[in-house]
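Q: Pasting a predicted model and its sequence here:
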Amino acid sequence: AGRVGWPRWRWRQRSCGGGGGGGERPAVLLCKFHMQGGCQQGSNCQYAHGMSVMANMGSDQVPVTGLVYNESTRRMYSGSADGTIRVWDPAADFRMETSFPLGVNVRDMKGTPGHLVVSSDQPMPLQDGTQLPEVPVGGVLLCNLATQSVAPAKRSEAEPFANVSGVRCVAILDHNGGHVVVTGAENGDIDTWTCAANGVFQHHKTHRGHARTVTGLVMLSGVLWSSSVDTTVRVWDPAGACQHTISRINGGDSAGGTCLEGF
């Protein structure tokens with residue numbers, strides 16, 4: 001039987017002259033001073049100078065929680081905890097063109113042609129249209145970039161929200177002319193949704209296995225991978241069953257993953 005290994009997603013940043021950290025040593029350590037445009041060590045620096053800052057997009061000191069480049073509009077979109085989507089033009093030195101309020105904080109976001117899919121926290125909505133602000137739940141929104149209209153995902157009429165806990169991460173898959181949205185929640189749930197072009201979400205199924213917050217989702221060669229604070233990476237089949245679990249026992253990491261990216 002073949003050995004299932006870690007996907008290549010981890011990329012830690014180290015500073016010049018500084019150690020710290022612990023755990024498994026990554027293959028490449030980046031110099032943060034070079035990335036910021038001013039490493040004084042030059043060719044004597046022990047850290048890689050393979051990446052540098054092209055532009056500084058804004059100075060509002062607002063934490064950026066999502067960043068997406070959309071091919072259809074040729075614009076960069078950033079989301080933040082202040083509930084604002086900002087639009088940047090890469091062809092004009094990443095100048096900010098405009099911004100619009102989303103109404104909820106952004107936890108993560110991904111793009112489709114003409115749309116953004118955003119995960120957020122939101123007050124618990126009730127069936128009569130009112131809300132309970134003191135009871136936050138997980139939300140997933142489809143934002144139309146042309147009209148700036150927003151359509152929420154609902155598990156059902158009885159549960160008009162995406163998850164009972166916060167939705168931490170989002171992934172998007174193309175499927176039969178539409179899109180499948182995959183979301184990871186703080187209670188360990190992984191939900192799949194179909195999303196039509198008119199913005200209508202339909203809950204499809206829930207993958208259960210993680211015991212803590214799901215921090216990353218990625219599709220590699222048609223297979224869904226997920227990472228979690230529970231220190232495991234799981235591999236799922238199309239039916240929603242966990243095929244493999246990677247942990248420190250079988251060659252994984254002993255620390256919880258904070259993100260997951262495929263390349």
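A: Ah, there it is. Residues are numbered from 1 along each chain as shown.

Q: On the three-state scheme, the nearest residue to residue 40 once chain neighbours are set aside is what?
A: Once its chain neighbours are removed from consideration, residue 40 has its nearest residue in residue 33; the separation is 7.3 Å (C-beta to C-beta, 6 or more residues apart in numbering). C-beta coordinates here come from the backbone N, C-alpha and C atoms, glycine included. Following DSSP: H, G, I helix; E, B strand; the rest coil, the label given to residue 33 is helix.

Q: any idea how far residue 33 lies from residue 205?
A: Distance of residue 33 to residue 205, given as C-beta to C-beta, to the nearest Å: 47 Å.

Q: So which of the two has more stuff around it?
A: The residue with more neighbours, out of residue 33 and residue 205 and counting by other C-beta atoms under 10 Å, is residue 33; that gives 17 against 11.

Q: Tell me how many other residues crowd the residue lying closest to residue 233 once chain neighbours are set aside.
A: Leaving out its chain neighbours, the residue that sits closest to residue 233 by C-beta to C-beta, 6+ apart is residue 246, at 4.3 Å. Number of residues near residue 246 (other C-beta under 10 Å) recorded here: 21.

Q: For residue 79, see how far away residue 246 is.
A: To residue 79, residue 246 is 30 Å away according to C-beta to C-beta.

Q: ditto for residue 188
A: 24 Å.

Q: remind me which residues of the protein are low pLDDT?
A: Scanning the chain with the threshold set as pLDDT under 70 gives 1-27, 52-56, 58-61, 175-178, 197-199, 256, 262-263.

Q: For the longest strand seen in it, give me every contacting residue.
A: Secondary structure of the chain read by DSSP state E shows that its longest strand is strand 131-144. With C-beta atoms under 8 Å, 6 or more residues apart in numbering as the test, strand 131-144 has contacts from 85, 102, 104, 114-126, 149-153, 161-167, 170, 181, 183, 185-186, 193, 195, 199, 201.

Q: Just the buried residues out of the residues you listed, in PyMOL syntax.
A: Command for PyMOL that selects the buried part of those, burial taken from 16 or more other C-beta atoms under 10 Å:
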select buried, resi 85+102+104+115+116+117+118+119+120+121+122+123+124+125+150+151+152+153+161+162+163+164+165+166+167+170+181+183+185+186+193+195+199+201
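
Q: re earlier: so between residue 188 and residue 79, which is more surrounded?
A: residue 79 (26 against 19).

Q: Not counting its neighbours along the chain, what's nearest that one?
A: According to C-beta to C-beta, 6+ apart, the nearest residue to residue 79 is residue 106 (3.2 Å).

Q: Sketch out the strands for the stretch 101-250 of the chain, chain order is fine.
A: 108-112, 115-125, 131-144, 150-152, 167-175, 178-185, 190-195, 201-207, 214-220, 223-228, 233-236, 242-246 (DSSP state E, counting those that start in this stretch).

Q: of all those strands, which lies closest to residue 73?
A: Distances from residue 73 to each of those were compared using C-beta to C-beta; the minimum, 9.1 Å, belongs to strand 108-112.

Q: Work out the gap between the closest one and the centre of the chain.
A: The chain centroid and the centroid of strand 108-112 are separated by 8 Å under C-alpha atoms, centre = their mean, to the nearest Å.
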